[in-house]
Each structure stands twice: as structure tokens, then as C-alpha cells.
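Chemist: coords please:
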Amino acid sequence: MNVSLFIGYNLFAAALAACTINFLFTLGEELLWRGYLWEKLKCLGFYKGSGIIGFLWGLWHAPIILFFGHNYPEHRLFGVLMMIAFCVLFAPIYTYLRIKDKSLMAPTILHGMTNAFMSLALVFFPGGKNIVLAPLGFGGLIALAIVNIYFFRNKKRRASLK
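Modeler: As a prediction, the model looks like this:
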């Protein structure tokens, strides 16, 4: 099979999954994180509220990482720390979508797409062995940090969050 065709097919499948089956699973999480908790924590401000949600969201993944090696089969303990860091960096983006969309639809779809694309990445980084290059490794953390810096350095965008 042609590699481009393989990647294209899988990207389409991941996007389709994000809007269907993954939507159902991630809606449960988003009802808690960006639904209930954001309403309780938004009085702390966008960044502090998002940071707390991100930390709790990452910690929520700890049992499945520690006991089953989810996303980090060979780095379970370190994987918990990595997942917390990822969730802290993802939280402002998801929360921004929650605020701007005034619903949970956009963050739920993005969450579903993130899960689908991370699953697709396992084709290229099987077993999560490469903690440096894998999407949920250091390379992914750096990329996500850059996205946050770029996205939230815009004064107009920051002002719209107050």
C-alpha cells in the first residue's frame, strides 16, 4: 500500500472517530472538566482555572497509566508526570474552545480528535518506547508548549478571556 494513501486513510478514520465513537467517550470527560469544573473554577481566572483542571485531568489518567501502561507501557511512573504535563498544556486550548463556543461541542470534538490521532501515532511509535519523539513524549510536549505560547501571546485573544 502507498504510504501517503495509508496515512490519508488513517487521518480520515481518526477524524471520523473523533465525531462519532470518540465523541461519546470524551463527552463524559468534558462534562466534568470543561463543564462542571470550569464553572466552579472560572472565578480564579482563565490560566489558573485551566491549570488546575489540567492538573486534575492528568492525575485522573494515573490509574490507567500505572496499572495498564496506557500510552506509556515502558515508562509508567514517568508517564503519569508526562500525562499531567500534557493535560496542563492542553487544558487552556480546550477551555478556550469551551468559552468561545459557549458549549462543550468544540472541546469534546477536539478531545476526540486528539485521542484518535494519538492512537494513530502508535503506528509510527509502537509500544510508546520512544519517550523523546512519540507524540505523548518530550517532542509532543515541546510542540504543545509552542502552540500555547503562539496562541495565547496574542493580546486581543488574551483580553477576550477576561
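
Chemist: In this protein, spot the helix with the most residues.
Modeler: As assigned by DSSP state H, the longest helix anywhere in the chain is helix 76-101.

Chemist: List the buried residues of it.
Modeler: 76, 79-80, 82-99 (16 or more other Cβ atoms under 10 Å). To be clear about C-beta, it is placed using only N, CA and C from the backbone, and glycine gets the same treatment.

Chemist: give the contact list for the residue nearest the centre of the chain.
Modeler: The residue lying closest to the centre of the chain (Cα atoms, centre = their mean) is Phe90, at 4.8 Å. The contact partners of Phe90, taken as Cβ atoms under 8 Å, 6 or more residues apart in numbering, are Gly54, Trp57, Thr114, Leu144.

Chemist: Which of these sits closest to Asn71?
Modeler: Thr114 (11.7 Å; Cβ to Cβ).

Chemist: Next one: that closest one from Glu29, what distance?
Modeler: 11 Å (Cβ to Cβ, to the nearest Å).

Chemist: Check Trp57 too.
Modeler: 7 Å.

Chemist: higher neighbour count, those two?
Modeler: Trp57 (23 against 20; other Cβ atoms under 10 Å).

Chemist: Quick check: that one touching Ala91?
Modeler: Yes. The pair Trp57 / Ala91 is scored as a contact, 6.4 Å apart, by Cβ atoms under 8 Å.
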